[in-house]
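In: quick one: sequence plus predicted model below, questions after.
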Amino acid sequence: MTATAQPLLLGIEIGGTKLQLGLGRGDGQILALERRTIEPARGAAGILGQISEIVPILLSRIEITQASVAAVGIGFGGPVDANTGVLTKSHQVAGWDQFPLAEWVRANLQIPLVSIQNDADTAGLAEARFGAGVGFSPLLYVTIGSGIGGGLILDGQIYRGSGAGALEIGHLWIVDRTSSDLDIVKLEDVASGWAIATAARNYAERQIADGLTQWKVLQLADGHPSRINTAMVAEAAKAGDQEASFILGKAVFAMAHALNQAITLLAPHRIILGGGVSLIGEEYWFGPIRNQLNLNVFPPFRSTFDVVPAALGEDVVVHGGLALARDAVENQRGSQASEIRPA
């Protein structure tokens, strides 16, 4: 597709707390972007209403009509049936169970081509096409935020296994090394931002019950355990707080353990870590994870991969949605060309 033939596209991110819509041409540039906070109490209907309100705003910003948008690509925060455009469910927002989102988009936004994938897969596609994964395959992308999701990108395309999705790394079972009983837990329940903050809140509440209020993380939260977040735990760990370092170290070990298994099975060329937890940075996140991998990974694979931060920031899923939309247009053109080709 030549630059002059590239149509206008719409990319959408539907998460549990964030909604983003962007216009572009699927080339790594976003021409217009709108971001909103999701109100989970309003359910899926509230989000659909927000989408309907935002689209005209975006179109007016670059002075085009809705008919000019050729396709939409959507990264959704939960499992999806990519073949039918039906959402399986959301773990954060009610009302999405078995929802025919592609059909809704065609009917309500009047956009004929719709491509929907899980948001982690969509983000991984964006990093492979435009970000830290350009030129690398296989590419393993993992986003660590309130939850943990993953995507495997092979030669610039999302790998979906038998069709229902793949690389749901947040649901991988791992050994909790800090438990005296060697508990088996899900990665997401140890290394996600939600899990890190919850562990710190529980410790803070125990401290308060014992009449102790001097814990560094609790001080950062102005004495309110409910205000504790992952960034506060990381800040306290960087200041030398032992309990914060322990909580963060537990997440690092769990993340490295999961990646170790993924490397053994998939042998990726590059691993990209994104999401809010990865903003902890090199010294307390990426470096320790690499060290653990170097110690424990299958020795012949030790020098075959690297681990790097994501490059596209908060807009990564929108970039991926635009890439999905562009692929949909190109696939349609390919099908039409096949239909008119002489026998």
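Out: Right, received. Where do you want to start?

In: show me where this structure has helices.
Out: With helices called from DSSP state H, the chain shows them at 43-61, 101-108, 119-130, 188-191, 193-209, 216-220, 230-238, 242-266, 287-296, 316-340.

In: show me what the third one is packed up against.
Out: Spelled out, that is helix 119-130. strand 8-14, strand 69-76, strand 139-144, strand 148-154, strand 157-158, strand 270-274, helix 316-340 (3 or more C-beta pairs under 8 Å, 6 or more residues apart in numbering; DSSP states H and E). No exception for glycine: its C-beta is placed from N, CA and C like everyone else's.

In: same deal with the fourth one?
Out: With contacts defined as 3+ C-beta pairs under 8 Å, 6+ apart, the secondary structure elements packing on helix 188-191 are helix 193-209, helix 242-266.

In: let me have those helices in TSV, extended by distance to residue 31.
Out: Below are the helices and strands packed on helix 188-191 laid out as TSV (distance: least, C-beta to C-beta, whole Å):
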stretch	distance to residue 31
helix 193-209	31
helix 242-266	35
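
In: take these and write them to CSV, including mean neighbour count.
Out: Shown next, in CSV, are the helices and strands packed on helix 188-191 (neighbours: other C-beta atoms under 10 Å):
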stretch, mean neighbour count
helix 193-209, 19
helix 242-266, 20
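
In: residue contacts, residue 133?
Out: Contacts here follow C-beta atoms under 8 Å, 6 or more residues apart in numbering; on that basis residue 133 touches 124, 127, 139, 141, 153, 270, 272.

In: whoops, I mixed them up, residue 187
Out: Counted by C-beta under 8 Å, 6+ apart, residue 187 has contacts 148, 169, 170, 171, 172, 173, 174, 254, 255, 257, 258.

In: and it, how close does it get to residue 164?
Out: 19 Å (C-beta to C-beta, to the nearest Å).

In: how about residue 170?
Out: For residue 170, the distance to residue 164 (C-beta to C-beta) stands at 15 Å.

In: of the two, who's got more company?
Out: Between residue 170 and residue 164, counting by other C-beta atoms under 10 Å, residue 170 is the more crowded of the two (20 against 13).

In: nearest residue to that one other than its sequence neighbours?
Out: residue 148 (3.2 Å; C-beta to C-beta, 6 or more residues apart in numbering).

In: any regions of this structure where pLDDT drops low?
Out: In the predicted model of the chain, residues 1-5, 177-181, 337-343 satisfy pLDDT under 70.

In: residues near residue 282, how many?
Out: With other C-beta under 10 Å as criterion, residue 282 counts 10.

In: you'd agree residue 30 is up against residue 322?
Out: Yes: Residue 30 lies in contact with residue 322 (C-beta atoms under 8 Å); the separation is 7.3 Å.
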